[in-house]
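Novice: sequence? don't have it. structure:
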């Protein structure tokens, strides 16, 4: 039976966390707040639970959810060949609204969807989320909404969309703050060089570049220097290159973001943690929505990841 707990009350908070932990162990879905938007969560290591999460949202395996983690040192347990710059970003912005798409540990026994060997990870800056994660371990999390609908900013809003498909709703009040717009996590594809933002969200590009100056913004490409055509003046070649570095729209930007033309896209952070491949990324995050950087995680709840990577 679906139950909602008012986690602003200490008694209901404790009871709600225990029920949520039990539901996760039973391969059921729960809804929890993150620092970005609300996320729908399930056991990241249970294919059945992840399938139920995707079905609840109405999304396919081509848009796998991101994964929320309770502490930064969980990074190496879930990802491999983590670049030094990715660690620097995690140190600077975790816990917080940043989802990182990385190469997944090949030894892990999980199935988040069509991730193509990547995983979108985020550590949310929310006490309730972190308390639950410390009890359950990593959770697959996507923004708590039906695909194509507005990201939920309260558990009651999430329940209107997800209804009985969720066992436990943890109500923690508005996220991020009442009266403010739902803002997903920023998703960065760190599987290739230079890193690039595949969904713009809570962490501005300027702040990311304070840590990694070479990072590309959403839609930016690396200018390609053309070889001068034989017999053509160098000045003419240079003129022909004008516009080579102009921004191009991305096909998609994870579970809690927007499309290149600014229209709403499935939100979390999250969250998370929506994972996919650098070519189809992490929607949430609730965080967090990882998937391919082009079809990213929704919510890394921020939360709709891998991957939405995708409540970062």
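Specialist: Received it, and whenever you're ready, just let me know what you need. Quick caveat, the model's predicted, so the values are computed rather than measured.
Novice: Output the below-cut-off pLDDT ranges for this protein.
Specialist: 225-312 (pLDDT under 70).
Novice: which helix in it runs the most residues?
Specialist: When the chain is parsed with DSSP state H, its longest helix is helix 10-25.
Novice: element containing the residue nearest to residue 37 when sequence neighbours are not counted?
Specialist: Computed as C-beta to C-beta, 6 or more residues apart in numbering, the closest residue to residue 37 that is not its neighbour in sequence is residue 151, at 4.2 Å. Every C-beta, even on glycine, is put in place using the N, C-alpha and C of the backbone. Using DSSP states H and E, residue 151 maps to neither a helix nor a strand.
Novice: What is the neighbour count of residue 151?
Specialist: 43 (other C-beta atoms under 10 Å).
Novice: repeat for residue 26
Specialist: 11.
Novice: still on that earlier bit, what comes into contact with the longest helix of the chain?
Specialist: The contact list for helix 10-25 (C-beta atoms under 8 Å, 6 or more residues apart in numbering) reads 3, 5-7, 29-30, 32, 41-43, 49, 128, 131-132, 135-136, 139, 167-168, 170.
Novice: Over to stretch 43-56?
Specialist: 24-25, 27-29, 40-42, 60-61, 63-65, 67, 108-113, 136-140, 142, 162, 165-166.
Novice: In strands only, show me those residues.
Specialist: 40, 41, 42, 67, 139, 140, 142 (DSSP state E).
Novice: Weed out the non-buried ones from the contacts of stretch 43-56.
Specialist: 24, 27-29, 40-42, 63-65, 67, 108, 110-113, 136, 138-140, 142, 162, 165-166 (16 or more other C-beta atoms under 10 Å).
Novice: Let me see the contact set for residue 176.
Specialist: The contact partners of residue 176, by C-beta under 8 Å, 6+ apart, come to 35, 36, 37, 153, 182, 183.
Novice: Reformat these as JSON lines; add neighbour count and distance to residue 123.
Specialist: Shown next, in JSON lines, are those (neighbours: other C-beta atoms under 10 Å; distance: C-beta to C-beta, whole Å):
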{"residue": "35", "neighbour count": "32", "distance to residue 123": "10"}
{"residue": "36", "neighbour count": "45", "distance to residue 123": "12"}
{"residue": "37", "neighbour count": "44", "distance to residue 123": "16"}
{"residue": "153", "neighbour count": "25", "distance to residue 123": "21"}
{"residue": "182", "neighbour count": "24", "distance to residue 123": "20"}
{"residue": "183", "neighbour count": "23", "distance to residue 123": "17"}
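Novice: Just name the closest of those residues to residue 103, please.
Specialist: residue 36 (24.3 Å; C-beta to C-beta).
Novice: Could you pull up phi and psi at the nearest residue to residue 112 once chain neighbours are set aside?
Specialist: Counting by C-beta to C-beta, 6+ apart, residue 64 is the residue found nearest to residue 112 once chain neighbours are left out, at 4.2 Å. Dihedral angles of residue 64 (phi, psi; degrees, to the nearest 10) stand at phi -70, psi 150.
Novice: how much space between the residue nearest to residue 37 and residue 172?
Specialist: Residue 151 sits 15 Å away from residue 172, going by C-beta to C-beta, to the nearest Å.
Novice: Please apply the same query to residue 106.
Specialist: 36 Å.
Novice: Would you mind telling me which of those two has more residues around it?
Specialist: More neighbours surround residue 172 than the other of residue 106 and residue 172, with 21 against 7 (other C-beta under 10 Å).
Novice: So the residue nearest to residue 112 versus residue 168, what's the distance?
Specialist: Distance, residue 64 to residue 168, by C-beta to C-beta: 22 Å.
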